[in-house]
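>>> sequence first, predicted model second:
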Amino acid sequence: MPKKAKSKSKHKNVKMSEKYVVSDGKLTRKFKSCPKCKSMLAGHKDRAVCGSCGFKEVSVKKE
Ligand SMILES: [Zn+2]
């Protein structure tokens, strides 16, 4: 068993490649950015939450 990776920071770092999706040569954000603090919103099933300022955006799909 390999040794555990160093974990200096509690906060889990997300790779940039996981935040963005390249489609047709264009770089598209997977997640929206917070309108308040411009941080990356954490995408959830039906909502997006900002981990920095607590901004919450609920995405309601129209039927
Ligand atoms: Zn925010």
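The structure has been received and is ready for your questions. Treat the numbers as computed from the prediction; the structure is a model and nothing was measured.

>>> chain neighbours aside, what residue packs nearest to V22?
With sequence-adjacent residues excluded and distances taken as Cβ to Cβ, 6 or more residues apart in numbering, V22 is closest to T28, at 7.4 Å. The way it works is simple: take the backbone N, C-alpha and C, and place the C-beta from them, glycine included.

>>> what sits against the most centrally placed residue in the chain?
The C-alpha lying nearest the average C-alpha coordinate of the chain belongs to A42 (Cα atoms, centre = their mean; 4.1 Å). Neighbouring residues of A42 by Cβ atoms under 8 Å, 6 or more residues apart in numbering: F31, A48, V49, C50, G51.

>>> can you tell me which residues in this protein are near the ion?
C34, K36, C37, S39, C50, S52, C53, F55 (Cβ under 5 Å from the ion).

>>> tell me the secondary structure for the third one?
Applying DSSP: H, G, I helix; E, B strand; the rest coil to C37 yields a three-state assignment of coil.

>>> ok, it touching G54?
No - at 9.7 Å, C37 does not count as touching G54 under the criterion of Cβ atoms under 8 Å.

>>> more neighbours, those two?
Between C37 and G54, counting by other Cβ atoms under 10 Å, C37 is the more crowded of the two (13 against 10).

>>> low-confidence bits of this structure, can you list those?
Applying pLDDT under 70 to the chain flags the ranges 7-9, 14, 16-19, 29-31, 60-63.

>>> please enumerate the strands of it.
In the chain, the strands defined using DSSP state E lie at 20-23, 26-29, 41-43, 47-50, 56-58.

>>> format these as a markdown table; extra columns: distance to K6.
Listed next are those as a markdown table, based on distance: least, Cβ to Cβ, whole Å:
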| stretch | distance to K6 |
| --- | --- |
| strand 20-23 | 25 |
| strand 26-29 | 29 |
| strand 41-43 | 24 |
| strand 47-50 | 28 |
| strand 56-58 | 33 |
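
>>> which one of those lies nearest to K3?
K3 lies closest to strand 41-43 among the strands of the chain, at 29.5 Å (Cβ to Cβ).

>>> from the chain's centroid, how far away is the closest one?
Computed by Cα atoms, centre = their mean, to the nearest Å, the chain-centroid distance of strand 41-43 equals 4 Å.

>>> good, we can wrap up now.
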